[in-house]
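Chemist: Kindly return the folded structure for what I paste below:
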Amino acid sequence: MATTQLNEETFKELIFNYDTHQDWAYKGALPAIIDFYADWCGPCKMVAPILEELSDEYASKINIYKIDTEAQLELAQVFGIQSIPSFLFIDANGKPMMQAGAFPKSSFKKIIEEYLINPPQENAE
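Modeler: Numbers count the residues shown, from 1 in each chain. As a prediction, the model looks like this:
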């Protein structure tokens, strides 16, 4: 499975419809990584093949999406993207975490294993 390109419409359909909901409510069944990138961005180009490899390695465990910040200005604004690449990680419980910067494959794998697939349990009071 390859990474999936999202636009405003598919984002609202698959991830979260910010027009109808104020509070975050992830629609997906699997944890996800959303890569906010631009074609001219060097670090984005370095990360792209890593995300493709991870998409294959974790095919039935996570979804990996890409959003071109140049083409999808509204999505970039909604998420306050100021530097690229930026990643929105969504764990198995649907909890989002935004992180800017390019990471090596080992860092992505650690985030996938420790945060996305097996999210830390919230302490029940």
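Chemist: what residue ranges in this structure score low on pLDDT?
Modeler: Low-confidence segments of the chain, defined by pLDDT under 70, span residues 1, 122-125.
Chemist: redo that, cut-off 90
Modeler: Under the criterion pLDDT under 90, the flagged ranges of the chain are 1-3, 21-22, 118-125.
Chemist: which residue is nearest the centroid of it?
Modeler: Centroid-nearest residue in the chain: residue 34, 1.8 Å away (criterion: Cα atoms, centre = their mean).
Chemist: Report the contact partners of that residue.
Modeler: Listed by Cβ atoms under 8 Å, 6 or more residues apart in numbering, the contact set of residue 34 reads 6, 15, 64-67, 87-88, 90. C-beta coordinates here come from the backbone N, C-alpha and C atoms, glycine included.
Chemist: 6 Å instead?
Modeler: 65, 88 (Cβ atoms under 6 Å, 6 or more residues apart in numbering).
Chemist: Quick check: the gap between it and residue 107.
Modeler: Between residue 34 and residue 107 the computed distance is 16 Å (Cβ to Cβ, to the nearest Å).
Chemist: how many neighbours does residue 97 have?
Modeler: Using other Cβ atoms under 10 Å, residue 97 has 13 other residues around it.
Chemist: Spatially nearest residue to it, not counting backbone neighbours?
Modeler: Of all residues not flanking residue 97 in the chain, residue 89 sits nearest, at 4.6 Å (Cβ to Cβ, 6 or more residues apart in numbering).
Chemist: For the chain, which segments are assigned as helices?
Modeler: 8-14, 42-57, 73-78, 105-111 (DSSP state H).
Chemist: Tell me which of those helices lies nearest to residue 28.
Modeler: For the helices of the chain, proximity to residue 28 was assessed by Cβ to Cβ; helix 8-14 is nearest, at 6.3 Å.
Chemist: isn't residue 100 right next to residue 84, touching?
Modeler: No. Residue 100 is beyond contact range of residue 84, at 7.7 Å (criterion: Cβ atoms under 6 Å).
Chemist: okay, the two: which has more neighbours?
Modeler: residue 84 (23 against 12).
Chemist: Might one say that the more buried one is in contact with residue 35?
Modeler: No. If you go by Cβ under 6 Å, residue 84 and residue 35 don't touch, sitting 8.9 Å apart.
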